[in-house]
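>>> predicted model and sequence follow; I will ask about them next.
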Number of protein chains: 2
Amino acid sequence: MLVHHLYSGGKDSSLAAWMLRKIGYEVRLVTVSFGTLDNWRFAKETAERLGFEHRVLYLPREILERAGEMAIKDGHPNNAIQFIHEKALEALASLPEVERVSDGTRRDDRVPLLDLPEARSLEDRFSVAYIRPLLGLGYKTIRELTERLFVVEIRESEKLEKADYEVELRCMLMERGIDPLGIFPKGHYQSRVMGWKGD
Amino acid sequence: MLVHHLYSGGKDSSLAAWMLRKIGYEVRLVTVSFGTLDNWRFAKETAERLGFEHRVLYLPREILERAGEMAIKDGHPNNAIQFIHEKALEALASLPEVERVSDGTRRDDRVPLLDLPEARSLEDRFSVAYIRPLLGLGYKTIRELTERLFVVEIRESEKLEKADYEVELRCMLMERGIDPLGIFPKGHYQSRVMGWKGD
């Protein structure tokens, strides 16, 4: 029972990976990259610290470009992040050896989050099972589990030392002369898992 | 980390209980009864076979009466089942020692299922965490996990040998001279967990 799990190195995707392993799945972590930066290395490093197999899945740079245009047009990144996540799930689900895909999306997330018809459509179009271990958990439950499990580093998301979609998106905007601070919410702290507690 | 888990003895609530235990919770199973039948015994028996602590939570019979009126008025049981489940969660969450409540509701269920505002409202009103381990799992995933874990007996739901809300509701309708077959969908097979595979 091998599952391919979209992984950023953050608390949520790490917790979801741990839950999948606990309920009997062999978990292969997959970090998406557009090849513009090598920030996927932060996820790989965390994956290794946690003892998971890790791979990088390169997506076409056109997806990043289109997401950038959405973020500029909207003045906020929500639709862009949602768009990239959907494309990442589709790319992963379309690989011939993939029967199960998963991610760390949560009940209380606004983006990225597939609604029920979108989740079923992903399963039907690619003949995969789509598993979201955190979807039925609220923030209290996620907090108590991650505090018990992980050593976590909290930083402002501007520091760019993480492996989620936002980093390459911000960088692309900067290269186009657009200040990402005008698009991404300010004071947005994000987390990176440094290892198991007690290790 | 004790969680009080609404339990019918069926596949879904058994799988959810197993997942909760796997991710580190101490799990106390709770079966709701209106005191009109003792069909909660089926859930208790399964709980014992699976090695979980089990209790019965009695709800006021007025809730069953009101649910029966809803089912008669609607001509189908969906709103009645949803109503009972909400009242069961509220009764459990209002107990002084309860900090976490959970159930076996699934992504693909229509009823009973709390939507996001309802789930958050339950958490806020009763200062509990509400955990739904199966909410992010589709039918394929639930099937592969239950087939791996449980010995399951499948019967027509008319047989009444199970401990979900439907049984007391059907019985109450029969006592009022109403044929439950006119209200509940026909050919509805339901499952009862008989033990762990390999035991």
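Ah, there it is.
>>> so where is chain A shaky, pLDDT-wise?
For chain A, applying pLDDT under 70 flags the ranges A:157-160, A:186-189.
>>> name the residues of it found near chain B, please.
Residues of chain A found near chain B, taking Cβ under 8 Å from any Cβ of the partner chain as the criterion, are A:1, A:19, A:22-24, A:100, A:105, A:107-108, A:116, A:119-120, A:123, A:129-138, A:140-141, A:144-145, A:148. Using the backbone N, CA and C atoms, a C-beta is placed for each residue, glycine as well.
>>> just the ones in strands from those residues, please.
Members of the residues of chain A next to chain B lying in strands (criterion: DSSP state E): A:100, A:129-131.
>>> mind listing the helices for chain A?
Assigned by DSSP state H, chain A shows helices spanning A:11-22, A:40-50, A:61-74, A:78-93, A:116-126, A:139-149, A:165-175.
>>> got the angle for the third one vs helix A:78-93?
Looking back up the chat, that one is helix A:61-74. If you take axes from the mean of the first three to the mean of the last three Cα atoms, to 10 degrees, helix A:61-74 sits at 160 degrees to helix A:78-93.
>>> for the last one, same thing?
In this structure, helix A:165-175 runs at an angle of 120 degrees to helix A:78-93, with the same axes, to 10 degrees as the basis.
>>> in helix A:165-175, what's buried?
Of all the residues in helix A:165-175, those buried under the rule 16 or more other Cβ atoms under 10 Å in any protein chain shown are A:165-173.
>>> among these, which one sits closest to chain B?
A:Tyr165 (20.1 Å; Cβ to the nearest Cβ).
>>> if I look at that closest one, how far off is B:His4?
38 Å (Cβ to Cβ, to the nearest Å).
>>> list phi and psi for the residue located most distally from the centre of chain A.
Ranking residues of chain A by C-alpha distance from their mean position (Cα atoms, centre = their mean) puts A:Gly177 at the top, at 25.9 Å. As for A:Gly177, its main-chain torsions (degrees, to the nearest 10) stand at phi 80, psi 20.
>>> got the buried residues of helix A:165-175 as a markdown table, with distance to A:Glu62 columns?
A markdown table is the format used below for those (distance: Cβ to Cβ, whole Å):
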| residue | distance to A:Glu62 |
| --- | --- |
| A:Tyr165 | 15 |
| A:Glu166 | 18 |
| A:Val167 | 18 |
| A:Glu168 | 13 |
| A:Leu169 | 14 |
| A:Arg170 | 18 |
| A:Cys171 | 16 |
| A:Met172 | 12 |
| A:Leu173 | 16 |
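>>> just the closest of those residues to A:Ile72, please.
Using Cβ to Cβ, A:Leu173 is the member of those that lies nearest A:Ile72, at 7.3 Å.
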